[in-house]
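K.L.:
Here's a sequence, model it:
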Amino acid sequence: MGLFTFSPLWFAVMNSMQTTSINSSAKYPLDKYELDENGYPLQEAVDIHRLDLRFQETRIERPKALARLTQSIAEVGLRLPVQVADTGNTLILVDGYQRIRAFDALNRDRIPCEFCKAPLGAVLGEWFDHQHSRKLEAIEEAWLIDQLLHSGQNRRQIASDLGRSESWISHRLVLLDGLDISYQDAMRKGVLSSWAASRIFVPFARANRKDADQLLQSLHQSSFSTRELELWYSHYQHSHGEQRAHLLSHPRLFLDTLKLQQVKCEVKEPDPAQRWMCKMDGILRQLSGLEGQIEKVLNPLSPVDCDNAHFPEMEKKSREGERMLAAMACIIQAHLEL
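P.N.:
You can find the predicted model right below:
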């Protein structure tokens, strides 16, 4: 196609490579590029089916991040083109697999690309050190190295291309030891974290492969956080018989029930003294209102001469009022005693 372009970051790095040996990829002359009238790298939309997606299995799917990315692209378009290695005969997608998935979700068959016309090893080396988007996780680096090994490259060549030591390559490959393909597939799909795979499922499978596989099936049906998996596995290790069978049959139900119990334990009863003072505040407010009402009722009464014909009856009612007030005082005093 004759067109190969770089992002601004790639352009700056590759331009410096003409005078500085950054890593082994500097042995490839990357001084051929095409710029627009403003001096920026050109971009070109390419049919997705023309791209070689050989590294797709080396990337972890992230459903939530993919949903956000898909919505963003639908609303404002793609802001960061995918990175493609133009090896002459093949257009190999190096960076942008999540963006490819987003375009597939939107039923778009063409995607903006930036091209680097150089051997794949050189392109991988530069991209590996200057990743635009999310940096690869260690397990993804291990998958990449493993795939390059299966393509016929040796460790020395891979280390040279990626600008790393052979011991670093070996340490990455150790991450795959003991990881069954089913667990790796779960990691690729974002169902299982690399930490949970190595710290929980590897020892779990060694102890009881059948139970480990049963738990893995549950993870595909309902999401579990790494913290939840760790908690579940701890209870599994200390359980036996029927209890263990229940843990395996209903792991999500067990965790939800356990969480509910913890929430109930965290809900503390109010302190008795605080409860008493709260109620007392309400009582005092009511008594204050009652005091005002009694004063309002008694105010119209004025002194009456004892020679008045109705005086005896009035005195009787006055005594009844006093008795009622005294009774109320006794009741209040009894309830207010500590």
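K.L.:
check contacts around residue 191.
P.N.:
By C-beta atoms under 8 Å, 6 or more residues apart in numbering, the contact list for residue 191 reads 219-220, 223. C-beta coordinates here come from the backbone N, C-alpha and C atoms, glycine included.
K.L.:
As TSV, these with pLDDT and secondary structure would be great.
P.N.:
Formatted as TSV, the contacts of residue 191 follow (pLDDT from 0 to 100; DSSP: H, G, I helix; E, B strand; the rest coil):
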residue	pLDDT	secondary structure
219	90	helix
220	90	helix
223	83	coil
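K.L.:
Kindly indicate the member of those with the most neighbours.
P.N.:
residue 219 (18 neighbours; other C-beta atoms under 10 Å).
K.L.:
Quick check: that one vs residue 229, distance?
P.N.:
Separation of residue 219 from residue 229 (C-beta to C-beta, to the nearest Å): 8 Å.
K.L.:
What of residue 259?
P.N.:
Using C-beta to C-beta, which is the criterion applied here, residue 259 is 14 Å from residue 229.
K.L.:
Kindly report the same for residue 201.
P.N.:
Where residue 229 is concerned, residue 201 sits at a distance of 9 Å (C-beta to C-beta).
K.L.:
again with residue 130
P.N.:
34 Å.
K.L.:
So which of these two has more stuff around it?
P.N.:
Looking at residue 130 and residue 229 with other C-beta under 10 Å, you find the greater number of neighbours at residue 229, namely 23 against 16.
K.L.:
residues contacting the residue lying closest to that one once chain neighbours are set aside?
P.N.:
The shortest distance from residue 229 to any non-neighbouring residue, by C-beta to C-beta, 6 or more residues apart in numbering, is to residue 196 (4.9 Å). Contacts of residue 196 were listed using C-beta under 8 Å, 6+ apart, and they are 226, 229-230.
K.L.:
Tell me where the stretch 201-338 of the chain has helices.
P.N.:
With helices called from DSSP state H, counting those that start in this stretch, the stretch 201-338 of the chain shows them at 202-207, 209-221, 226-237, 241-249, 251-266, 272-298, 311-336.
K.L.:
And the contacts of residue 191, which is closest to residue 70?
P.N.:
Lowest distance from residue 70 to those (C-beta to C-beta) belongs to residue 223, with 19.1 Å.
K.L.:
For the closest one, which non-adjacent residue is closest in space?
P.N.:
If you skip the residues right next to it in sequence, residue 223 has residue 191 as its closest partner in space, 7.4 Å away by C-beta to C-beta, 6+ apart.
K.L.:
pretty sure that neighbour is in a helix, no?
P.N.:
No: according to DSSP: H, G, I helix; E, B strand; the rest coil, the state of residue 191 is coil, so it is not within a helix.
K.L.:
Quick check on it: phi, psi?
P.N.:
In this entry, residue 191 is assigned phi and psi values of phi -80, psi -30 (degrees, to the nearest 10).
K.L.:
How much space separates it from residue 215?
P.N.:
For residue 191 relative to residue 215 (C-beta to C-beta), the value is 11 Å.
K.L.:
Please apply the same query to residue 74.
P.N.:
In this structure, residue 74 and residue 215 are separated by 36 Å, where distance is defined by C-beta to C-beta.
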